[in-house]
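Engineer: please find the sequence and the predicted model below.
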Amino acid sequence: MSPTCRLSLLPLLMMLLQGCVYGLLDLVVPDGGYREVITASYGDHPRQQLDLYLPEQYKADAPTLVFFYGGSWARGSKDNYRFIGQAFAEAGYPIAIPNYRIYPDHLFPDFIIDGAASLAWLEREGFAERGIVLMGHSAGAHIAAMLAYNPLYLEAGGLDHELITALIGYSGPYDDFDLSNRRLQRIFAPAQPLSVSRPINFVDENSPPSLLIHGLSDNTVVVEHSENLAAELRVHGVVVETRFYQNNGHVAVAGSLARPLRRWTPAFVDTLDFLARLSSERPTSSLPPLP
């Protein structure tokens, strides 16, 4: 598609993204920036698959990023998030985007167990030697945060929780959220007590450095989730940074990670800045050569 056609589609995409039609971003996202996409099964269920985007040029000492998409724990597909894979692979980071089991056939904590299983696959295949940075948007940020702050999920799969070097959460529900919705009641019914499904309750001094990004006009997941989580992390002496964007809602934060929409919010720049400083603070003497 020509650059002119892509530009003409941007206003339409911005409107459609308010309805979470992320797959349409493929129409305007470049095909380059990654040399290969590996699609792999990390379990036997059809949804236990991931796409791994390998950069054309690796950034020095880049950790592997793992991005969990949102969808209220009930919908979504890795196939609609090439714009995420392209964005970070082009910046030099290998990035995995897993599918995971969802409602109605699966309830809490199946989707978190799947997240841990996807990390185990990356570790077995040699893609975690520089550590893993967990990322996620909305319900995906909840999954990422549960894995980042509650070590039991990784340890159950034989992984060292220190493998997780950071969390980057976009518009995530980390604290208590409204369960008046019957679907959410069913999804989290197995959580007994309910507190075991809230990432904020597992924060301690061993939690990884975190970047929390949220739109101040978010009516789907209110900004207090990120504010409260940041406060809890600081109580325990954990490094945490927050970025709150005026006049931006739930969809804008994730959509603006795509190259054509980056003027919408500074989320992509803020994320890369955090990753660069994270890497500069890690020891590099024991790191293996780049693949």
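Structural biologist: Received the coordinates, thanks.
Engineer: helices along the stretch 101-250 of the chain, start to end?
Structural biologist: Assigned helices in the stretch 101-250 of the chain, in chain order: 110-124, 139-149, 152-156, 182-187, 224-235, 250-255 (criterion: DSSP state H, counting those that start in this stretch).
Engineer: Serialize the ones you listed to TSV and add fields for distance to residue 269.
Structural biologist: All C-beta spots, glycine's among them, are computed from the backbone N, C-alpha and C. What follows is the helices of the stretch 101-250 of the chain, written out as TSV (distance: least, Cβ to Cβ, whole Å):
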stretch	distance to residue 269
helix 110-124	26
helix 139-149	19
helix 152-156	30
helix 182-187	33
helix 224-235	18
helix 250-255	13
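Engineer: which of the ones you listed sits most buried?
Structural biologist: Of those, the one with the most neighbours on average (mean count of other Cβ atoms under 10 Å) is helix 139-149, at a mean of 29.
Engineer: for it, packing partners?
Structural biologist: Packing contacts for helix 139-149, counted by 3 or more Cβ pairs under 8 Å, 6 or more residues apart in numbering; DSSP states H and E, involve strand 64-68, helix 110-124, strand 132-137, helix 152-156, strand 164-170.
Engineer: the last one to strand 132-137, inter-axis angle?
Structural biologist: Pointing back at strand 164-170 there. Interaxial angle, strand 164-170 versus strand 132-137 (axes from the mean of the first three to the mean of the last three Cα atoms, to 10 degrees): 10 degrees.
Engineer: centre of the chain versus strand 164-170, how much separation?
Structural biologist: Centroid separation between strand 164-170 and its chain, computed with Cα atoms, centre = their mean, to the nearest Å, is 8 Å.
Engineer: re earlier: now the helices and strands packed on helix 139-149 as CSV including mean pLDDT and distance to residue 225?
Structural biologist: Output for the helices and strands packed on helix 139-149, formatted as CSV (pLDDT from 0 to 100; distance: least, Cβ to Cβ, whole Å):
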stretch, mean pLDDT, distance to residue 225
strand 64-68, 98, 16
helix 110-124, 98, 17
strand 132-137, 98, 13
helix 152-156, 97, 20
strand 164-170, 98, 9
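Engineer: thank you, goodbye.
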